[in-house]
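Peer 1: Fold the following and give me the result.
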Amino acid sequence: MSHYNTIFSQILKFVPRHEFKTLAKEHHSGRSFRTTSRWSQFVTLAMAQLAGRKSLQKAPLSFMSD
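Peer 2: Take a look at the predicted model:
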């Protein structure tokens, strides 16, 4: 099976992950009940935005489409 980068992964390369984590720690509100990482949340919101979703409830639909 060959490996290839998606356009979405190429777009995410423009966001330096280490800087994102630094900013996330800096603006951390003290809540420790998160089940997903802030990076995962960012990726989900970015995908929903690029897919033109009108609602966050429909964001997972972006990942289920082919």
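Peer 1: going forward, measure contacts and count neighbours with C-alpha atoms only.
Peer 2: Noted.
Peer 1: The residue most central in space within the chain - nearest residue in space that isn't next to it in sequence?
Peer 2: Note on the chain: the residue nearest the mean C-alpha position is V43, at 0.8 Å, using CA atoms, centre = their mean. In this structure, V43 finds its nearest non-sequential neighbour in L12, 8.0 Å apart by CA to CA, 6 or more residues apart in numbering.
Peer 1: do the same with F8
Peer 2: The spatial neighbour of F8 that comes closest, neighbours along the chain excluded (CA to CA, 6+ apart), is M47 at 7.8 Å.
Peer 1: Next, the buried residues of the helix or strand harbouring that neighbour.
Peer 2: For M47, the enclosing helix or strand under DSSP states H and E is helix 38-51. When burial is assessed from 16 or more other CA atoms under 10 Å, helix 38-51 yields the following buried residues: 44-48.
Peer 1: just checking, what packs against that helix?
Peer 2: helix 17-26, helix 60-64 (3 or more CA pairs under 8 Å, 6 or more residues apart in numbering; DSSP states H and E).
Peer 1: rank those by pLDDT, which is bottom?
Peer 2: Of all those, helix 60-64 carries the lowest average pLDDT, namely a mean of 61.
Peer 1: start to end distance for stretch 46-57?
Peer 2: Stretch 46-57 has an end-to-end distance of 14 Å (CA to CA, to the nearest Å).
Peer 1: For it, give the mean pLDDT please.
Peer 2: Regarding stretch 46-57, the rounded mean pLDDT is 80.
Peer 1: I'd like the distance from that stretch to the chain centre, please.
Peer 2: Mean C-alpha position of stretch 46-57 versus that of the full chain (CA atoms, centre = their mean, to the nearest Å) differs by 11 Å.
Peer 1: next one: stretch 16-34
Peer 2: With CA atoms, centre = their mean, you get 13 Å for stretch 16-34.
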